[in-house]
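# Sequence first, then the predicted structure:
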Amino acid sequence: MILVVDMNCEKNSLGYYEFVLPIISIISEIDECKAKHFMDLRSEDTRQCNGMILSGTPLKDNTTLSQLDNFEWIKTWDKPLLGICAGMQTIGLAFGSRLKGCIGIGMTQINTTKENLLFSSQFMAYTLHNFSIIPSGDFDVLAESPQCVQAIRRKQRDVYGVLFHPEVRNKEIIQRFIYAFNDHRRV
C-alpha cells in the first residue's frame with residue numbers, strides 16, 4: 001500500500017483535487033493507495049504502508065515549509081519516499097537544504113544529470129513552483145532545468161524529490177517509483 005500525503009494547507013481543499021487525486025489515480029492502477037492530510041499523519045499510518053508520496057500544492061500554498069516539526073519523521077524514514085514539488089522542498093529542508101527563489105509555471109525542459117530509476121535523458125515536464133532548493137550534502141542532484149534543481153535523491157536511502165509535477169504529464173515517473181520498490185509485474 002502506498003500512502004499519499006496531502007501537503008495542502010487545508011483538508012479537502014481544491015488543492016486536494018488538483019494535486020492529490022491525480023496521484024491516487026495513477027497509483028490505483030498498480031497498488032492499493034490511501035491518502036492522509038499531513039496534519040492527520042500518525043506513526044501507525046507510516047508503519048502500514050510500503051512507500052509514501054508527498055503531494056505538491058498550489059503556487060501560493062507554502063504552509064508545509066514553515067511547519068517542518070510535522071516532518072521530523074522524514075529523517076528516520078526507512079521506506080521509499082517521493083516528494084513532488086512542495087514535497088521535494090519539505091524533504092530538502094528536513095535535511096538542511098535551503099530554499100532558492102525560482103518561479104516555474106508551465107512546460108519546462110528537464111535535463112537528467114545523474115542516472116536514476118525514475119527518468120533519463122531530456123524530457124518536458126509541467127512545473128508550478130516559487131522555490132527550488134539548494135541541496136545539502138545529503139543529496140545527489142538527478143535533474144536540472146536551466147533555472148534550478150528539478151530532482152534529488154538522498155544518498156543513503158530511497159528518498160527522492162521532483163520539483164516538477166509528474167502527475168500532470170509524466171505519470172510513468174510515479175509508476176516507476178512504485179514498481180521499483182514493490183513486487184508488481186511491469187505492464
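Yep, that arrived. A quick note: this is a predicted structure, and the numbers were derived from the prediction, not measured. Residues are numbered from 1 along each chain as shown.
# and Ser136, how many residues sit next to it?
Around Ser136 there are 15 other residues, counting by other CB atoms under 10 Å. Bear in mind the C-beta positions are built from the backbone N, C-alpha and C, glycine included.
# Revised request: answer the last question for Tyr179.
Tyr179, neighbours per other CB under 10 Å, totals 17.
# Ala143 now?
24.
# these two touch, right, it and Asn111?
Yes: with contacts counted by CB atoms under 8 Å, Ala143 reaches Asn111, the gap being 6.2 Å.
# need the helices for the protein, in chain order.
14-15, 21-28, 43-48, 86-94, 171-181 (DSSP state H).
# Identify all contacting residues around the fourth one.
Right, helix 86-94. 5, 7, 53-57, 61-62, 64-65, 68, 71-72, 74-75, 81, 83, 99, 129, 131-133, 135-136, 139, 151-152, 154, 159, 161-163 (CB atoms under 8 Å, 6 or more residues apart in numbering).
# Show me which positions of it end up buried.
86-94 (16 or more other CB atoms under 10 Å).
# now it: mean pLDDT?
For helix 86-94, the mean per-residue pLDDT is 96.
# Give me the most central residue, the chain.
Residue closest to the mean C-alpha point of the chain, counted by CA atoms, centre = their mean, is Gly83 at 1.7 Å.
# now stretch 74-87: how far from the chain's centre is it?
7 Å (CA atoms, centre = their mean, to the nearest Å).
# And stretch 51-62, by the same measure?
Relative to its parent chain, stretch 51-62 has a centroid offset of 7 Å by CA atoms, centre = their mean.
# Would you mind writing the ChimeraX command to select the buried ones in the contacts of helix 86-94?
Per 16+ other CB under 10 Å, the buried members of the contacts of helix 86-94 correspond to this ChimeraX selection:
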select :5,7,53,54,55,56,57,61,62,64,65,71,74,81,83,129,131,132,133,135,139,151,152,154,159,161,162,163
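# quick one: which of the contacts of helix 86-94 sit in strands?
Per DSSP state E, strands hold the following members of these: 5, 53-54, 81, 83, 99, 129, 131-133, 139, 151-152, 154, 159, 161-162.
# hang on, the earlier thing: would you format the buried residues of helix 86-94 as TSV with distance to Glu167 included?
Below are the buried residues of helix 86-94 laid out as TSV (distance: CB to CB, whole Å):
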residue	distance to Glu167
Ala86	13
Gly87	11
Met88	13
Gln89	16
Thr90	17
Ile91	17
Gly92	19
Leu93	22
Ala94	22
